[in-house]
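Asks: Output the structure for:
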Amino acid sequence: MGFDLESLSEATSGAIGALVSTTVLYPLDTCKTKYQAENQSEHQRKYRNISDVLWEAISTGHLGSLYQGLGTKNFQSFISSFIYFYGYSFLKRIYLKRSGNKKIGTKANLIVAAAAGACTVVLTQPLDTASSRMQTSEFGKSKGLWKTLAEGTWSEAFDGLGISLLLTSNPSIQYTVFDQLKQRLLRTKLTHESGIESSPEALSAFSAFVLGALSKCVATILTYPAIRCKIVIQAAESDEETNEDKQHGDKKSVSGALNTIWKREGLLGFFKGLNAQILKTVLSSALLLMIKEKVAKTSWIILLALRKFLFATNTRLKTA
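Replies: Next up is the predicted model:
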């Protein structure tokens, strides 16, 4: 077999799930990103809360602009999810094959997930940077993908790459928290029911959803300052720096972004927009995984049928 069918099925279903969840939640994502990108002292702020962004779009007649950059974001979500799920499934299968284990342990799983995430970030960072700039541009004045990328240098297309690599720790934290909470919940439940301490693997669908949402919230809170800095860096325009910006440092660098947020907004500035980030992230993760599970079986059947068709076609050509 010339390709890993199981990994390809996982990648396809994951990418479709990402495409749907991104489209459904995109207006919320745009409002969140524009609110997070604004880096001004309290008396100069244009947006007091995330709802101000929505009201601006409505009052100026640019409600459709809440979808500006959707094509780029969908492209980025589809490609990054495909690469991540394929890489994760492929690396996991290689680990299990070489180690001889039937199941992958927590530590090995975290390493595999981090490796897949790092590969994804490096390959899709220009699309991530472009979509952030398109979302944070003034309503009604967003430019296309190629014009957005052409405005800067090639190195600027990778703005925030270091922080993006750091943020690959987010799913690792989420998985670790989820696993710990799961084991505690199951041990407590079984002890109450039978008086015997054990550690079964089954979780109810509702419990899994709640623990998944809670673990994602913990991971988001712990990594949020990096998320905020990344958006500030990607949304920064080099030709629009003020004297105050230059005093604080280049906003397109990590140290400059950190210094600017601290000077203008204080400690709480690193958590500006956290509630919207949690809402969007939890909804997006839940929707993506739900759709992925629904699509997985169908994509497997289609890919299996396609493989049989290609094999039969190849056989006929060879015998002809």
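
Asks: mind listing the helices for this protein?
Replies: Here the chain has its helices, by DSSP state H, at 5-24, 26-37, 50-59, 70-99, 106-136, 145-150, 161-166, 169-194, 205-235, 243-248, 254-265, 274-319.

Asks: Of all these, which one comes closest to residue 43?
Replies: Proximity to residue 43 (CB to CB) singles out helix 254-265 among those, at 10.6 Å. (C-beta placed from N, C-alpha, C; glycine too.)

Asks: Just the buried residues of the closest one, please?
Replies: For helix 254-265, burial by neighbour count (16 or more other CB atoms under 10 Å) applies to 254, 256, 257, 258, 259, 260, 261, 264, 265.

Asks: Repeat that for stretch 109-117.
Replies: Along stretch 109-117, these residues count as buried under the neighbour rule (16+ other CB under 10 Å): 109, 110, 112, 113, 114, 116, 117.

Asks: wait, what's in contact with residue 157?
Replies: Each residue near residue 157 by CB atoms under 8 Å, 6 or more residues apart in numbering is listed here: 125, 126, 129, 130, 149.

Asks: do residue 21 as well
Replies: For residue 21, the contact set (CB under 8 Å, 6+ apart) comprises 77, 283, 284, 287, 288, 291.

Asks: Point out the most buried one among the helices of the chain.
Replies: The densest packing among the helices of the chain, expressed as mean neighbour count by mean count of other CB atoms under 10 Å, is seen in helix 26-37 with a mean of 23.

Asks: same for that one, what does it pack against?
Replies: helix 50-59, helix 70-99, helix 106-136, helix 205-235, helix 274-319 (3 or more CB pairs under 8 Å, 6 or more residues apart in numbering; DSSP states H and E).

Asks: quick one, that helix and helix 205-235 angle?
Replies: Calculated by axes from the mean of the first three to the mean of the last three CA atoms, to 10 degrees, helix 26-37 forms an angle of 50 degrees with helix 205-235.

Asks: still on that earlier bit, weakest of the helices of the chain in terms of mean pLDDT?
Replies: Across the helices of the chain, helix 243-248 has the smallest mean pLDDT, namely a mean of 50.

Asks: quick one: which of the contacts of residue 157 is nearest to residue 100?
Replies: Distances from the contacts of residue 157 to residue 100 were compared by CB to CB; the smallest belongs to residue 125, at 36.0 Å.

Asks: Could I get the helices and strands packed on helix 26-37 in TSV, plus columns for distance to residue 11?
Replies: Below are these laid out as TSV (distance: least, CB to CB, whole Å):
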stretch	distance to residue 11
helix 50-59	33
helix 70-99	4
helix 106-136	11
helix 205-235	21
helix 274-319	9
